[in-house]
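Peer 1: Predicted model and sequence below, questions to follow.
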Amino acid sequence: MDESISLRPMLEDDVAAVIRVIDATDEDDAEEAEESYHNQGLDEQYVLTLNGAIIGVTGLRPIEGTDRRAWLSWTYMHPDYQGRGHGKTMMKELLEIAKGYDVHKLFVTTSDYIDPEDDEPLYQKAIELYLSMGFQEEFSIPDYFEPGESQLLYGLSLSDIDPVDIEPEEVILEFNHLGEIDETEGVYGIGWGAKKVGKFSFGKKKAGQFTAA
C-alpha cells in the first residue's frame, strides 16, 4: 500500500494522540506539552500523519519581545516511525511555514540526557536531525536539569537580515516571576516581561507576518 504522509494543523481532537506520541519518548515532556497546549492554545501547532494516523508533532511559538524570532515547540516522532526520513519531511514542511511567516530565526532547546536503560543520549536522533537541517549549537548550560545533564540550545537563521539593521524599541523590562524550572532539581529561573511591547503572534503569511497585539 502506498504511504500517504502529510503535515496539517493540530486540532483539539488530536491532542490525546499527540500526547501519546510524546509520551512514547518522554513522559515528563508529555505532561508539560499537554499543559502548554491547554494554556497557550494550538495556533501554529502541527501533526504529521501517515495514512491518517498521527505519528509526529511539531510547531512554532513566537518569542515575545523579539523581532520575528520563534521557538520550535514540542517536536517528536513516535519511536516506531523513526529512521525512515519522516522527521526530515516534517521539519522541511515546518521550515517552509516559518519562512512564510517571515520568521528570521528559529530556536530549539534540548538536553544531553543519557538514558540509563541503554546508556545512550535520549535525544541524539533529534539533535542529528536539527544539525542536518542547518541548526547550529548556540550554547550549552552544564548541569542545568541535574548534575551531568546539560541544556542545549540550537538556532537556525531563515533569512539574511543583519541584526544590526533592526531598530530597537524603547521598552521597560520588569522581573515578574521566580520559580523552580520544570524537570530540574533545585534550579530556579527568573521571569521577565517587557512593558509597551504587545504579545507577538503569527499573522497572515507574508502579508501579516508577525503582528503585535
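Peer 2: It's in.
Peer 1: What are the buried residues along stretch 44-58?
Peer 2: 44-50, 54-58 (16 or more other Cβ atoms under 10 Å). Using the backbone N, CA and C atoms, a C-beta is placed for each residue, glycine as well.
Peer 1: Just the mean pLDDT for that stretch, thanks.
Peer 2: When pLDDT is averaged along stretch 44-58, the result is 97.
Peer 1: repeat for stretch 124-140
Peer 2: Mean predicted confidence for stretch 124-140 is 93.
Peer 1: Contacts for it, please.
Peer 2: Stretch 124-140 is contacted by residues 75, 82-83, 87-88, 91-92, 95, 106-108, 110, 112, 121, 150-156 when judged by Cβ atoms under 8 Å, 6 or more residues apart in numbering.
Peer 1: Now, those that are in strands?
Peer 2: Judged by DSSP state E, those include 106-108, 110, 121, 150-156 as members of strands.
Peer 1: packing partners for the host helix or strand of R8?
Peer 2: For R8, the element it lies in under DSSP states H and E is strand 5-9. For strand 5-9, the elements it packs on are strand 45-50, helix 86-100, judged by 3 or more Cβ pairs under 8 Å, 6 or more residues apart in numbering; DSSP states H and E.
Peer 1: Distance from it to the middle of the chain?
Peer 2: Remark: strand 5-9 is offset 17 Å from the chain centroid, using Cα atoms, centre = their mean, to the nearest Å.
Peer 1: Not counting that strand itself, show me its contacts.
Peer 2: In contact with strand 5-9 (Cβ under 8 Å, 6+ apart) are residues 42, 44-51, 58, 86, 89-90, 93-94.
Peer 1: got the phi/psi numbers for E44?
Peer 2: phi 60, psi 30 (degrees, to the nearest 10).
Peer 1: In ChimeraX, how would I select the buried members of the contacts of stretch 124-140?
Peer 2: In ChimeraX, this line selects whichever of the contacts of stretch 124-140 come out buried by 16+ other Cβ under 10 Å:
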select :75,82,87,91,95,106,107,108,110,112,121,150,151,152,154,155,156
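Peer 1: and the helix or strand encompassing I190, average pLDDT?
Peer 2: Assigned by DSSP H and E, I190 belongs to strand 188-195. Averaged across strand 188-195, the pLDDT comes to 65.
Peer 1: Likewise for stretch 71-89?
Peer 2: Mean predicted confidence for stretch 71-89 is 95.
Peer 1: what's the answer for stretch 147-160, then?
Peer 2: Rounded mean pLDDT across stretch 147-160 is 92.
Peer 1: Just the CA atoms of it, as CSV, please.
Peer 2: Provided in CSV are the C-alpha atoms of stretch 147-160 (Å, rounded to 0.1, in the frame of the first residue of the first chain):
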residue,chain,number,x,y,z
PRO,A,147,24.2,17.1,37.7
GLY,A,148,25.5,15.7,34.4
GLU,A,149,22.6,16.8,32.3
SER,A,150,23.1,20.0,30.3
GLN,A,151,20.6,22.2,28.5
LEU,A,152,21.5,22.7,24.8
LEU,A,153,20.2,25.5,22.6
TYR,A,154,20.3,25.4,18.8
GLY,A,155,19.5,28.2,16.3
LEU,A,156,18.7,28.3,12.6
SER,A,157,18.7,31.6,10.6
LEU,A,158,16.0,31.7,8.0
SER,A,159,16.9,35.0,6.4
ASP,A,160,20.0,37.1,5.6
